[in-house]
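Undergrad: Give the three-dimensional model of this entry:
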Amino acid sequence: MYGVITEMFIEHKFLLGRPSFVILPQLSLPWNPHRPTDLRNNKPDIGFGRLTNTGAPWLQGGAEEKAPITMMRGLPPPNEVTEDGDFRDLIQRATAQASDQVKAAVKNGAVPCDYPIKWVVGCGPYFIIRAFGPYNQDELTTRLHRPNDSGDWLMTDLNREAQTTAKVKCIEEPVHLIGTSKAAAAVHEYLIEATALYDPDPKRRYVVPNMKYAE
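TA: Predicted structure coming up:
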């Protein structure tokens, strides 16, 4: 699915013009960028944005993707997929990961700290576009998942209840199927909106208390 999502972004990049953004796959975002001894990091499956004059990434968005499930065989319409409990559960899992990725991006000064950041959250060829933040100080220190040696992740106690209810909880955002006109329109609108996150105001970057942000 990484290849499919990347191709989707590339198609829209050509329509928007080459300078609109660059694709940054598996970008490593330290969880505590000002604490070198903390080796934790978050890696969006795909990030996109620009590189600043110092070579540091400035993100405009990203994507967190889960593998397709059996019921998606034959590409049923999105309204059918939305009713599937396993799909809802996987979207919940991807949402937890995406939330941590946005928090890490905020703490790395890679996105504005006072503006909702939208992320593509998907399972197979189906996806939603979900907004995250702005986060307060306490929320920025709360990590909803942690990777293990296999690359999977474990839910925290705080989020296990959300996982339990995910299969019955409705997904509020529209579910889109890659390759349809509705999905193309949603992605293009998302990318156009995301361009506004470029040319950031340094005052809106997250600054760790008592520590100077490193340009």
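Undergrad: alpha carbons only for contacts and neighbour counts from here, please
TA: Will do.
Undergrad: Which parts of stretch 54-69 count as buried, going by neighbours?
TA: Going by neighbour count (16 or more other Cα atoms under 10 Å), the buried part of stretch 54-69 is 57-66, 68.
Undergrad: just stretch 70-88 next, same as before
TA: 72, 81-82, 85-88.
Undergrad: Of the buried residues of stretch 54-69, just say which sits nearest to residue 192.
TA: residue 60 (10.0 Å; Cα to Cα).
Undergrad: Direction included, what does the helix or strand hosting that closest one pair against?
TA: Under the criterion of DSSP states H and E, residue 60 resides in strand 57-66. Strand pairing for strand 57-66, determined by DSSP bridges: strand 46-51 (antiparallel), strand 117-123 (parallel).
Undergrad: show me where the chain has strands.
TA: 22-25, 29-30, 41-42, 46-51, 57-66, 117-123, 126-132, 145-147, 153-155, 176-177 (DSSP state E).
Undergrad: I'd like the average pLDDT over the longest one.
TA: The predicted model gives strand 57-66 an average pLDDT of 95.
Undergrad: next one: it to chain centre, how far?
TA: Centre-to-centre, strand 57-66 and its host chain are 5 Å apart (Cα atoms, centre = their mean, to the nearest Å).
Undergrad: do the second one as well
TA: Centroid separation for strand 29-30 versus its chain: 14 Å, with Cα atoms, centre = their mean.
Undergrad: now do the third one
TA: In terms of Cα atoms, centre = their mean, the gap separating the centre of strand 41-42 from the centre of its chain is 12 Å.
Undergrad: partners of it, with directions?
TA: strand 29-30 (antiparallel).
Undergrad: Other residues contacting the partner strand?
TA: Applying Cα atoms under 8 Å, 6 or more residues apart in numbering, the contact partners of strand 29-30 are 39-43, 101, 104-105, 108.
Undergrad: do that again at 6 Å, thanks
TA: Contacts of strand 29-30 from elsewhere in the structure, counted by Cα atoms under 6 Å, 6 or more residues apart in numbering, are 41-42, 104.
Undergrad: Would you mind checking these for buried ones?
TA: Neighbour-count burial (16+ other Cα under 10 Å) applied to the contacts of strand 29-30 gives 41-42, 104.
Undergrad: count of neighbours near residue 3?
TA: Per other Cα atoms under 10 Å, the neighbour tally for residue 3 reads 9.
Undergrad: What separation do you get for it and residue 194?
TA: Distance, residue 3 to residue 194, by Cα to Cα, to the nearest Å: 21 Å.
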